[in-house]
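A.B. asks: Here is a sequence together with a model predicted from it:
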Amino acid sequence: MTLVERFFKYVSFDTQSDESTQVTPSTQKQMVFAEYLKIELEAMGLEEISLDENGYLFATLPSNIDKKVPTIGFIAHLDTSPDMSGKDVNPRIVEKYDGKDIVLCKEENIVLSPAQFPELLDHKGEDLVVTDGKTLLGADDKAGIAEIMTAIAYMQAHPEIKHGKIRIGFNPDEEIGEGAHKFDVEKFGCDWAYTMDGGEVGELEFENFNAASAKITFKGRNVHPGYAKNKMINSMRIANQFISMLPRLEAPEHTEGYEGFYHLIGVNGDVEQTLVSCIIRDHDRAKFEKRKVEVEGMVRRINSEHGEGTAILEMKDQYYNMREKIEPVMHVVDTAFAAMKAVGVEPKVRAIRGGTDGAQLSFKGLPCPNIFAGGLNFHGRFEFVPVQSMEKATKVIVKIAELVALK
Ligand SMILES: [Zn+2]
């Protein structure tokens with residue numbers, strides 16, 4: 001199977017994950033895809049193939065050299081985003097893209113246009129895989145899976161390429177933030193790994209946000225409004241007072257790059273009780289901790305004004321910046337950087353304004369930067385992936401394996 005054939009086959013599986021089910025994998029259809037991949041890995045003659053009850057599929061391409069070199073892994077996720085259907089994906093290739101609008105669906109007039117998505121123009125002349133406008137594409141992260149499988153097949157067909165032991169890991173539920181939770185790092189047994197789950201060609205990421213969530217419950221007291229003087233306490237007004245304390249410009253809509261923020265994600269209330277949900281994000285750990293202290297201070301101010309117990313804060317850390325785990329083993333990033341250069345890809349190192357499975361894996365003892373898989377406009381009907389980007393990612397995987405064997 002070619003890279004494109006693999007990709008088309010993989011996106012034919014509906015593997016949408018679901019936040020609400022509280023089981024792993026969150027949807028049984030991910031297991032169906034994992035079982036299919038397991039058969040493919042067996043047919044390729046890989047070793048140490050295992051698929052556990054949570055949908056984690058591991059396999060080994062054995063070393064073809066005598067000396068002992070580090071064991072490395074390549075990881076991609078099985079699921080697609082809950083944001084949009086991934087059922088009956090009907091991809092097609094726009095060959096030698098001419099830079100004009102691409103009509104995805106004539107009847108509903110759904111058009112992928114460089115007017116809204118100027119990044120299309122970076123791929124003029126390339127072959128773009130697009131949707132029919134009715135579903136997402138699933139390049140996130142089936143492009144990553146297709147690239148890993150193709151790279152492995154390539155190395156098998158080219159024994160002159162010398163490499164150490166390579167592990168493959170496919171996991172469920174990345175899109176609902178549960179991809180790393182049940183990942184058995186010890187069983188995976190790698191010195192380090194890479195997730196093939198980034199976007200544009202060249203992306204190389206080893207920094208992400210530190211993240212916490214804060215839920216604040218504001219208690220009020222409801223009384224008939226005609227007789228409420230000095231009796232009623234309106235929890236919505238107190239919640240509003242709290243919301244006004246959040247620095248207005250330190251919000252997602254006013255920040256970029258390494259700027260952190262407080263993000264108000266939900267308000268739900270009546271006179272009696274109002275629940276406010278926020279998330280706190282910062283790449284810098286010290287600034288992150290300071291932001292949490294600030295929120296505690298705001299809640300204290302509310303309570304000192306309105307009485308102890310008016311506002312109840314529940315704050316918890318969600319994940320941390322993997323940089324602190326990657327920095328001591330920076331050669332892991334350097335190797336990916338060198339591999340990209342060697343195959344003619346200009347590395348674009350940037351900080352993720354979010355989290356990744358790799359961050360959680362890094363904290364579980366498996367340093368794991370993220371590399372581009374080539375897709376763009378993830379999680380919606382305008383998702384597309386240039387074939388040439390997938391080919392480059394495949395080459396990067398092979399080159400990393402080669403470079404590690406030279407260590
Ligand atoms: Zn992804």
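C.D. replies: That came in fine, so what should we check first?

A.B. asks: pLDDT score assigned to residue 155?
C.D. replies: Residue 155 carries a pLDDT value of 98.

A.B. asks: ok, now how distant is it from residue 400?
C.D. replies: Distance, residue 155 to residue 400, using CB to CB, to the nearest Å: 11 Å. C-beta: built from backbone N, CA, C; applies to glycine.

A.B. asks: Give me the more crowded residue out of those two.
C.D. replies: Legend: neighbour count by other CB atoms under 10 Å for residue 155 and residue 400, higher for residue 400 (25 against 20).

A.B. asks: Identify the residue nearest residue 19 in space, chain neighbours excluded?
C.D. replies: Excluding the flanking residues, the one nearest residue 19 by CB to CB, 6 or more residues apart in numbering is residue 176, at 4.6 Å.

A.B. asks: Need phi/psi at that neighbour.
C.D. replies: Main-chain torsions, residue 176, degrees, to the nearest 10: phi -110, psi 20.

A.B. asks: Contacts only, for it.
C.D. replies: Neighbour list for residue 176: 17, 18, 19, 26, 79, 82 [criterion: CB atoms under 8 Å, 6 or more residues apart in numbering].

A.B. asks: Can you tell me what sits against the longest helix that the chain contains?
C.D. replies: For the chain, the helix that runs over the most residues, judged by DSSP state H, is helix 285-306. Residues outside helix 285-306 that contact it (CB under 8 Å, 6+ apart): 210, 212, 214, 216, 218, 233, 238, 241-242, 245-246, 260, 262, 278, 280-282, 309-311, 313, 315, 320-321, 324.

A.B. asks: In PyMOL, select just the buried ones from the residues you listed.
C.D. replies: Burial among those is assessed by 16 or more other CB atoms under 10 Å; the matching PyMOL selection reads:
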select buried, resi 210+212+214+216+218+233+238+241+242+246+260+262+278+280+281+282+310+311+313+320+321
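
A.B. asks: Out of the contacts of helix 285-306, which sit inside helices?
C.D. replies: Short answer: the contacts of helix 285-306 in helices (DSSP H) are 238, 241, 242, 245, 324.

A.B. asks: measure the last one to the ion for me?
C.D. replies: Remark: distance between residue 324 and the ion (CB to the ion, to the nearest Å) = 23 Å.

A.B. asks: list the buried ones in the longest helix of the chain?
C.D. replies: 288, 291, 292, 294, 295, 298, 299, 302, 303, 306.

A.B. asks: likewise stretch 249-269?
C.D. replies: Neighbour-count burial for stretch 249-269 [16+ other CB under 10 Å]: 250, 255, 260, 261, 262, 263, 267, 269.

A.B. asks: show me what contacts the last one?
C.D. replies: So that's residue 269. Residues near residue 269 by CB under 8 Å, 6+ apart: 218, 235, 236, 239, 275, 276.

A.B. asks: quick one: which of the residues you listed has the most company?
C.D. replies: For the contacts of residue 269, counting by other CB under 10 Å, the largest number of neighbours falls to residue 218: 27 neighbours.

A.B. asks: what sits against that one?
C.D. replies: Neighbour list for residue 218: 235-236, 238-239, 242, 269, 273-276, 302, 310-311 [criterion: CB under 8 Å, 6+ apart].

A.B. asks: Residue 61 too?
C.D. replies: By CB under 8 Å, 6+ apart, the contact list for residue 61 reads 46, 47, 152, 155, 156, 163, 165, 166, 167, 168.

A.B. asks: can you check residue 123 too?
C.D. replies: Residue 123 is in contact with 97, 386, 388, 389, counting by CB under 8 Å, 6+ apart.

A.B. asks: related to what we said a few turns ago, for PyMOL, what selects the buried ones among the contacts of residue 176?
C.D. replies: Buried members of the contacts of residue 176, defined by 16+ other CB under 10 Å, are picked up in PyMOL with:
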select buried, resi 17+18+26+79+82
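
A.B. asks: can you name the two of the contacts of residue 176 that are farthest apart?
C.D. replies: Pairwise distances across the contacts of residue 176 peak at 11.0 Å for 19 and 79 (criterion: CB to CB).

A.B. asks: Which residues are in contact with each of the two?
C.D. replies: Counting by CB under 8 Å, 6+ apart, the residues touching both residue 19 and residue 79 are 26, 176.

A.B. asks: Okay, and residue 60 sits in which element?
C.D. replies: For residue 60, the host element (DSSP states H and E) is strand 57-61.

A.B. asks: got the buried residues for that strand?
C.D. replies: Within strand 57-61, the residues scored as buried using 16+ other CB under 10 Å are 57, 58, 59, 60, 61.

A.B. asks: the domain parsing of this protein - what is it?
C.D. replies: Annotated domains of the chain cover 3-208+321-405, 210-319 [automatic domain parsing].

A.B. asks: Quote the end-to-end distance of the longest one.
C.D. replies: The distance separating the two terminal residues of domain 3-208+321-405, taken as CA to CA, to the nearest Å, comes to 24 Å.

A.B. asks: Likewise for stretch 109-129?
C.D. replies: Start-to-end, stretch 109-129 (CA to CA) is 18 Å.

A.B. asks: Same question for it: list its buried residues.
C.D. replies: Neighbour-count burial for stretch 109-129, with 16+ other CB under 10 Å as criterion, is recorded at 110, 112, 114, 120, 123, 126, 127, 128, 129.

A.B. asks: Dump these into TSV; add pLDDT, distance to residue 206 and secondary structure as well.
C.D. replies: Output for these, formatted as TSV (pLDDT from 0 to 100; distance: CB to CB, whole Å; DSSP: H, G, I helix; E, B strand; the rest coil):
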residue	pLDDT	distance to residue 206	secondary structure
110	96	36	strand
112	97	31	strand
114	97	31	coil
120	97	28	helix
123	98	25	helix
126	98	27	coil
127	98	30	coil
128	98	28	strand
129	98	28	strand
